[in-house]
Each structure stands twice: as C-alpha cells, then as structure tokens.
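**Q** pasting a predicted model and its sequence here:
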Amino acid sequence: MLSASRISAIEESAWFQSKWSPYLLADADLRIRAVNSACERVTGHPREDMLGHPLFDVFPDNPADPEADGVANVSASLELVFRRGVRHWMGVQRYDLPDRRNPGAFVYRVWTPMNDPIKEGKKTVAVLQHAQDVTRVVPPTPEEHAYPKLFELRRAAEVLGRQFPDLPSEAVLGVLTHSHSVITESAGAEDLERAQALARLRLETHAGHPAQEP
C-alpha cells in the first residue's frame with residue numbers, strides 16, 4: 001500500500017519539484033496521489049482537480065476521436081509496470097486533453113510517456129508517470145491520423161537505435177522526439193541533426209554506456 005509518508009517523500013524530492021519535468025503519481029487503484037507544478041502547467045489542470053480522482057476520469061479519451069487509444073495504451077503500460085515492477089517506455093502517444101475553457105471540447109496533444117514503478121520492498125505500490133509534451137514536433141494534419149513528422153522521427157530513431165541495441169525501440173523514439181522538441185523550441189527552428197546529437201547523449205545516460213558503432 002502506498003503510504004502517506006512515501007507520497008510526502010516523493011513530493012519533497014528535488015527531482016519531483018522540477019519546473020520542466022511533468023510528474024504524476026498514481027496508486028494501485030489508479031487514483032492520482034501526487035502531481036508537480038510542471039504537470040499542472042502542461043495539462044492545464046490544477047492539482048485540486050486531480051488529486052484523489054481516478055486517472056482516467058481526469059484524463060478520458062477524446063469522444064470525438066473514434067480511434068483514440070490513449071486510455072487503452074496507458075492502461076496496458078500501467079498494468080505491465082505493476083505486474084513486472086519495471087520501467088515501461090511508451091514512445092510517442094497521442095492523448096488529447098479536456099479543454100477546461102470549453103467544456104466537452106478536447107485539445108490535440110502528443111506525449112512521450114514513461115512509467116516507473118514505486119516499490120515498497122519487492123511490491124510495486126504505485127507508478128510514477130513522466131510525460132513530456134511533444135505536440136510542437138508532431139502537429140496534426142488535415143488528413144485524420146496522418147503524422148508525417150512522426151514517420152520521419154521513427155526512421156531516424158531506427159538508425160539511432162542501432163547504437164543502443166539494449167534499449168527498447170520506444171525508448172529511443174521517445175528520447176529522440178522529445179530532444180527534437182527541445183531543440184526546436186530553443187532554436188526557433190527544426191534541426192533534426194542537433195536533436196539526434198542531444199538524444200544520443202541522453203540515451204548514453206539511460207543505457208549506461210557510450211553509443212556503439214552502428
């Protein structure tokens with residue numbers, strides 16, 4: 001069981017208080033137990049409207065999108081983390097948000113979610129979700145469910161992934177996509193080559209070794 005003291009310890013951690021990394025903590029009943037200020041900012045939901053509520057009541061699928069799969073894919077990821085007690089990378093996931101200014105409406109959003117187990121002993125008692133908003137580099141198109149930029153990123157991630165054969169392909173795609181978003185925002189223009197260089201450095205940290213020769 002997720003204890004109040006464990007929640008407090010997580011909330012007081014320096015990494016959780018980051019202004020730039022959104023974090024959300026969900027317990028075994030999939031109720032939201034903690035969020036940081038970055039999560040409030042990117043979702044547009046104040047913490048008082050999230051804490052204690054079921055995750056998928058706060059973040060339902062967009063009913064206007066018959067192919068919405070956010071709830072199903074996140075559910076499967078959380079189930080895997082609870083069952084296996086290991087981190088799960090989701091790669092890139094479209095997951096529209098309820099528009100608080102227009103009840104009943106949703107706003108197009110794309111994320112790079114990663115779910116980590118929170119354990120008490122050997123038992124996973126909660127999942128920490130870290131989801132970065134990458135909508136800027138995976139924009140919607142007039143053709144429903146066509147994402148040409150994502151296809152380009154997947155091809156680049158396949159090449160980059162050969163240097164990190166021990167990392168899941170979805171981890172490489174997620175890190176590359178978010179790195180592309182960071183470079184685009186900081187430089188004011190897309191630069192996939194710089195994004196690949198940044199992603200390579202970040203992946204070396206995750207893998208614990210330098211990039212291998214492809």
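**A** The structure has been received and is ready for your questions.
**Q** so what touches the host helix or strand of residue 159?
**A** Assigned by DSSP states H and E, residue 159 falls within helix 148-161. Helix 148-161 has contacts (C-beta atoms under 8 Å, 6 or more residues apart in numbering) with 92, 137-139, 141, 167, 169, 172-173, 176-177, 180, 192, 196, 199-200, 203, 214. In this view, the C-beta of every residue, glycine as well, is placed from N, C-alpha and C.
**Q** among the residues you listed, which ones are buried?
**A** For those, a neighbour count by 16 or more other C-beta atoms under 10 Å gives the buried set as 92, 137-138, 167, 169, 172-173, 176-177, 180, 192, 196, 199-200, 203.
**Q** looking at these, spot the one nearest residue 57.
**A** Nearest to residue 57 among those: residue 92, at 24.3 Å, using C-beta to C-beta.
**Q** got a list of what that closest one touches?
**A** Residue 92 is in contact with 110-112, 134, 138, 150, 153, 173-174, 177, counting by C-beta under 8 Å, 6+ apart.
**Q** now do 6 Å
**A** Applying C-beta atoms under 6 Å, 6 or more residues apart in numbering to residue 92 gives the contacts 112, 173, 177.
**Q** element containing the residue nearest to it when sequence neighbours are not counted, please.
**A** Leaving aside its sequence neighbours, residue 92 sits nearest to residue 177 (C-beta to C-beta, 6 or more residues apart in numbering; 5.3 Å). Using DSSP H and E, residue 177 maps to helix 169-187.
**Q** from the middle of its chain, how far away would the next helix-or-strand element following that helix be?
**A** Counting by DSSP H and E, the next helix or strand C-terminal to helix 169-187 is helix 192-207. Computed by C-alpha atoms, centre = their mean, to the nearest Å, the chain-centroid distance of helix 192-207 equals 17 Å.
**Q** now helix 192-207: average pLDDT?
**A** Helix 192-207 carries an average pLDDT of 97.
**Q** that helix - contacts with which helices or strands?
**A** On a contact count with 3 or more C-beta pairs under 6 Å, 6 or more residues apart in numbering; DSSP states H and E, helix 192-207 meets helix 169-187.
**Q** what's next to the helix it packs on, contact-wise?
**A** 89, 91-92, 112, 132, 134, 136-137, 153, 157, 160-161, 190-191, 194-195, 198-199, 202-203.
**Q** put the alpha carbons of it into CSV.
**A** Extracted in CSV, the C-alpha atoms of helix 169-187 (Å, rounded to 0.1, in the frame of the first residue of the first chain):
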residue,chain,number,x,y,z
SER,A,169,12.9,1.0,-29.6
GLU,A,170,10.1,3.0,-27.9
ALA,A,171,12.7,4.5,-25.5
VAL,A,172,14.9,5.6,-28.4
LEU,A,173,11.9,7.1,-30.2
GLY,A,174,10.6,8.9,-27.1
VAL,A,175,14.0,10.4,-26.3
LEU,A,176,14.6,11.5,-29.9
THR,A,177,11.2,13.0,-30.2
HIS,A,178,11.5,15.0,-27.0
SER,A,179,15.0,16.1,-27.9
HIS,A,180,13.7,17.3,-31.3
SER,A,181,11.0,19.3,-29.4
VAL,A,182,13.7,20.8,-27.1
ILE,A,183,15.9,21.9,-30.0
THR,A,184,13.0,23.3,-32.0
GLU,A,185,11.8,25.4,-29.0
SER,A,186,15.3,26.7,-28.1
ALA,A,187,16.5,27.4,-31.6
